[in-house]
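S.K.: predicted model and sequence follow; I will ask about them next.
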Protein chains: 2
Amino acid sequence: MSDINSDITLFNELIEILLKEEENNPVADRIEANKLYDAVDLSLNDSAMMDDEFKVALQNVLIATPKTATNLFFNQLFGGRQSKAVLGDLLAVMLNNSMYTYKVAGPQVGIEQEIIRKSCELIGYGTQSNGTFPTGGSMSNYMALVMARDAKDPECRSKGMSKPMVIYTSKESHYSNAKNTSFTGIGRNNIRHIEADSKGRMIPEKLEAQIIADLNDGYVPTYVNATAGTTVLGAFDPIDKIATITEKYDIWLHVDGAYCGSVIFSEHYKHLVKGMEKSNSFSYNAHKMLGTPLTCSIILVNDKKHLHNSFSIEADYLYQTDGDDFNLGKTSFQCGRRNDALKFWTLWKSVGTLGLKQIVDHQFDLAATARDYIKNNSDYTLYSFDDSISICFNYKNIDPTILCTALYEHQITVVGFGSFNADTFVRLVTVNANNTKQDILNFFKVLETFVEENPALIAK
Amino acid sequence: MSDINSDITLFNELIEILLKEEENNPVADRIEANKLYDAVDLSLNDSAMMDDEFKVALQNVLIATPKTATNLFFNQLFGGRQSKAVLGDLLAVMLNNSMYTYKVAGPQVGIEQEIIRKSCELIGYGTQSNGTFPTGGSMSNYMALVMARDAKDPECRSKGMSKPMVIYTSKESHYSNAKNTSFTGIGRNNIRHIEADSKGRMIPEKLEAQIIADLNDGYVPTYVNATAGTTVLGAFDPIDKIATITEKYDIWLHVDGAYCGSVIFSEHYKHLVKGMEKSNSFSYNAHKMLGTPLTCSIILVNDKKHLHNSFSIEADYLYQTDGDDFNLGKTSFQCGRRNDALKFWTLWKSVGTLGLKQIVDHQFDLAATARDYIKNNSDYTLYSFDDSISICFNYKNIDPTILCTALYEHQITVVGFGSFNADTFVRLVTVNANNTKQDILNFFKVLETFVEENPALIAK
């Protein structure tokens, strides 16, 4: 067996190669899926490999892997890397604590709790608030739904589903909402997708009308999932108005801020989540707007008793010392749990809350740059709106599905498409705060050059 | 903002310090939970920190964090580190791919699939098998339960829970089983904890009797969770006999091998999971016996259609190119998903399947060393059995809860206690394959020295 020092040396050699590749070749050469196993040696075999052969194999994998940290990657709602967060996550790998107990995680428990405490403060939650780090935005939505279900019917935990519950979200919300209704035993038929306005925001009046109709039909309205940053348009549901409705009908309100909940760090943009302090739970992904490595999701709960009610269980073999407040396994879905907190803490600790604000504000500045460019160029059509870091557009009326696939297949830039109502368009996200305005303008330049060199695209 | 190169340099400086600390001070100085925030600066503030101040703060956190990779850490069902796996996980942090689509994960998709394919082969699953990487053992159990529920009642996905389902597991199984019945809407009252024999293994006859009783009472038997390596004793349920029963009554059989499912890599020990090929699903955690960093859980499914049925959904904005077999988000609980596969692949690729066998066999050798020592020393009482890497014992009749807490509070060694039937005992696990026989003998030596220096423990 090799030792840790020589593998750390190998790590340093390989990332030198990787970082050079990112600079020289920001979009990795694409391998067609059906040729993958022939193109790269991914095979696992009985015998050990020689060190130098192994290094070559691993290097080939690294070079062929899509690069998500470069200035030509715009495909997902994450991109780039905050290096102080990378540092924290590299250290988390070395430390390898599991977050269930204070005995085995020690100060890492305090790190997680400090992030949660400060986040609750920013939201305006009170002294009974707390939270945890789920494994992603889907899991954050899921934990909120389980708490809502159990709050509405406390016997559900022990006796199982028995009430005809229904839940609500906008038709622009994340697909995990539908999956989660299935996972919890509520059933996908019992999710109501509420209409959105012309800017992609849930219409509160439609929500209330649907709740009244459901009550009249004997259903039990249980949960509303409002979105802070919808997947396609990056729109913000009107939380303040929605909260008035959920309070009136005694329904759990969760704010899914996976994509853009990080606006809580910016005095300029937190008005987009106005009313958030009236919600029952709120989640955001630091691995999206804040640029930490995947995954770093946080769910905050206005009253921590719901976390305990839905997620705690006795396990004497595990929880042997220290108080419940320090044994985080009592409020998580999981038992063994990776340390997703340290990477966010190293970032926040080093740049300060003001540094996080700058990261957030910069993304909106980049979005404004992109929108201005589009508005000032008649070859483009804009489909998205201010106060969003998703810029949706078409260019010379080219079919966006064909354009995005061609850009990807020719390794020009990696970007996706989306739809809203009857329109389909390219979706450029400015979530990578490493990018400069020049990087955004360069995106349009490489796109235009590619189309110029491939005029057939326009004809299609 | 700092740049990635300087933070990689800082990483190297800090892990040099960390590795030295692990050698010189294998049990970190303990900080009482209620004094944590005074003892270490964990605060998050508005302003950025100077680089040198930040380095000191981070160094203090590292030194105060419980060390899980040293030869005096025996507290959890993981410990130590396989350096080739650490290398892979460090690279995963740098690459930062999300595993939902081939477009953004590329060859990493193939890496995950190759691990799954080879694991299915080892189990004896057929050509329709597949799997995914859940976020831990609890989630593996959960995914299996959701598939079982949906297989028994395909309408559950859309209409919600309507049948009076019951599920079965041994009373020695993991606590996630009870939590999961609540999460799925089945309800904790509807889990049957089947009696175990004197060695902690589920009694098949008791299982069948309970199923018959439930059928007579109008319940719908849905799922059996058999354990390969119970949490306390490390016992293996008799899968072969249980499979005969689940086949007879058409019940989903999941093998929870989170702790010891990795015996599939050893010709010597795979007889402990005999009959596994007859199960519907099987999970194991490479972050336990195989020493990868947290988390690395794998669930394998005999017929992949169940993964699709329960976990897929359409999401056109996401799944834009490449076939379903390469878009792994279609069969996972999550949307965005961390790359937990690369660390296991780098280990497996470098040491080969035979190297993994050696890792597994070595842990059983270490366990035999510990059991022999105990058997040959009349001050000890042994409570566990052959074919287990959990060694349960008491020393000089000292209350094990008091002993383990004292060892922890005095930073002697970190080890936990457990219970089986009326007995409570110290539970030593030999899951850290970095350890030598000398390390195991040293554990007993430090324990004995500590007791000698603290004779009051015996009186208590």
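M.R.: Structure's in. What do you need?

S.K.: surely residue A:360 and residue A:263 touch.
M.R.: Yes. Between residue A:360 and residue A:263 there is a contact under Cβ atoms under 8 Å: 6.1 Å. (Glycine included, C-beta is placed from N, CA and C.)

S.K.: need the residues touching each of the two.
M.R.: Contact criterion Cβ atoms under 8 Å, 6 or more residues apart in numbering or on different chains; residues shared by residue A:360 and residue A:263: A:269, A:289.

S.K.: looking at the two, which is more packed in?
M.R.: Neighbours were counted for residue A:360 and for residue A:263 using other Cβ atoms under 10 Å in any protein chain shown; residue A:263 has more, 27 against 24.

S.K.: please enumerate residues in contact with stretch A:436-447?
M.R.: Here stretch A:436-447 makes contact (Cβ under 8 Å, 6+ apart) with A:71-72, A:74, A:365-366, A:369-370, A:373, A:395, A:403, A:407, A:412-413, A:415, A:428, A:430.

S.K.: quick check: buried residues in stretch A:119-136?
M.R.: A:119-120, A:122-125, A:129-136 (16 or more other Cβ atoms under 10 Å in any protein chain shown).

S.K.: actually stretch A:176-188, sorry about that
M.R.: Neighbour counts over stretch A:176-188 (16+ other Cβ under 10 Å) mark A:176-188 as buried.

S.K.: of those, which ones also sit close to chain B?
M.R.: Among these, the residues that sit close to chain B (Cβ under 8 Å from any Cβ of the partner chain) are A:176, A:178, A:179, A:181, A:182, A:183, A:184, A:185, A:186, A:187, A:188.

S.K.: of these, which is the nearest to residue B:157?
M.R.: Comparing these against residue B:157 with Cβ to Cβ places residue A:182 closest, at 4.5 Å.

S.K.: mind telling me what element that closest one is part of?
M.R.: Element membership for residue A:182, per DSSP states H and E: helix A:176-183.

S.K.: now the top helix by length along chain A: average pLDDT?
M.R.: For chain A, the longest helix by residue count, based on DSSP state H, is helix A:342-375. Averaged across helix A:342-375, the pLDDT comes to 98.

S.K.: does anything pack onto it? Which helices or strands?
M.R.: helix A:83-95, helix A:107-123, strand A:380-382, strand A:390-395, helix A:437-453, helix B:51-64 (3 or more Cβ pairs under 8 Å, 6 or more residues apart in numbering or on different chains; DSSP states H and E).

S.K.: quick one: strands adjacent to the fourth one?
M.R.: Same thing as strand A:390-395. Using DSSP bridges, strand A:390-395 pairs in its sheet with strand A:380-382 (antiparallel), strand A:423-429 (antiparallel).

S.K.: mind checking how far that strand is from the chain centre?
M.R.: 21 Å (Cα atoms, centre = their mean, to the nearest Å).

S.K.: helix or strand right after it?
M.R.: helix A:400-409.

S.K.: name the residues that touch that next one?
M.R.: With Cβ under 8 Å, 6+ apart as the test, helix A:400-409 has contacts from A:30, A:75, A:394-395, A:412-417, A:424-426, A:447, A:450-451, A:454, A:457, A:460, B:103, B:320-321.

S.K.: one more: stretch A:367-374?
M.R.: With Cβ under 8 Å, 6+ apart, stretch A:367-374 has contacts from A:380-382, A:384, A:386, A:388-391, A:393, A:428, A:430, A:437, A:440-441, A:443-444.

S.K.: in a markdown table, list the buried residues of stretch A:119-136 along with distance to chain B.
M.R.: What follows is the buried residues of stretch A:119-136, written out as a markdown table (distance: Cβ to the nearest Cβ, whole Å):
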| residue | distance to chain B |
| --- | --- |
| A:119 | 9 |
| A:120 | 12 |
| A:122 | 11 |
| A:123 | 15 |
| A:124 | 17 |
| A:125 | 16 |
| A:129 | 16 |
| A:130 | 16 |
| A:131 | 14 |
| A:132 | 13 |
| A:133 | 11 |
| A:134 | 9 |
| A:135 | 4 |
| A:136 | 5 |
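
S.K.: report the two of these separated the most.
M.R.: With Cβ to Cβ as the measure, no two of those lie farther apart than A:124 and A:135, at 26.1 Å.

S.K.: is it true that residue A:230 lies in a strand?
M.R.: No. With DSSP: H, G, I helix; E, B strand; the rest coil as the criterion, residue A:230 is coil rather than part of a strand.

S.K.: okay, and the residue lying closest to it once chain neighbours are set aside sits in which element?
M.R.: Closest residue in space to residue A:230, ignoring its immediate chain neighbours: residue A:172 at 4.2 Å, by Cβ to Cβ, 6 or more residues apart in numbering or on different chains. Counting by DSSP H and E, no helix or strand carries residue A:172.

S.K.: right, and residue A:172 touches residue A:227 too?
M.R.: Yes. Using Cβ under 8 Å, residue A:172 is in contact with residue A:227, at 6.8 Å.

S.K.: mutual contacts of these two, please.
M.R.: What both residue A:172 and residue A:227 touch, as defined by Cβ under 8 Å, 6+ apart, is the set A:202, A:235.

S.K.: just want to know which of these two has more residues nearby.
M.R.: Per other Cβ under 10 Å, whichever of residue A:172 and residue A:227 has more neighbours is residue A:227, with 31 against 24.

S.K.: how about the strands in the stretch 151-300 of chain A?
M.R.: A:165-170, A:191-194, A:220-227, A:252-257, A:281-285, A:297-301 (DSSP state E, counting those that start in this stretch).

S.K.: now the stretch 101-250 of chain A against chain B: closest residue?
M.R.: Using Cβ to the nearest Cβ, residue A:185 is the residue of the stretch 101-250 of chain A that sits closest to chain B, at 1.9 Å.

S.K.: excluding chain neighbours, what is closest to that residue?
M.R.: Closest residue to residue A:185 apart from its sequence neighbours, by Cβ to Cβ, 6+ apart: residue B:185 at 1.9 Å.

S.K.: picking that back up, Throw the ones next to chain B among the buried residues of stretch A:176-188 into TSV and include pLDDT and distance to residue A:275, thanks.
M.R.: Below are these laid out as TSV (pLDDT from 0 to 100; distance: Cβ to Cβ, whole Å):
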residue	pLDDT	distance to residue A:275
A:176	96	23
A:178	96	25
A:179	96	27
A:181	98	25
A:182	97	29
A:183	98	28
A:184	98	26
A:185	98	30
A:186	98	26
A:187	97	30
A:188	96	28
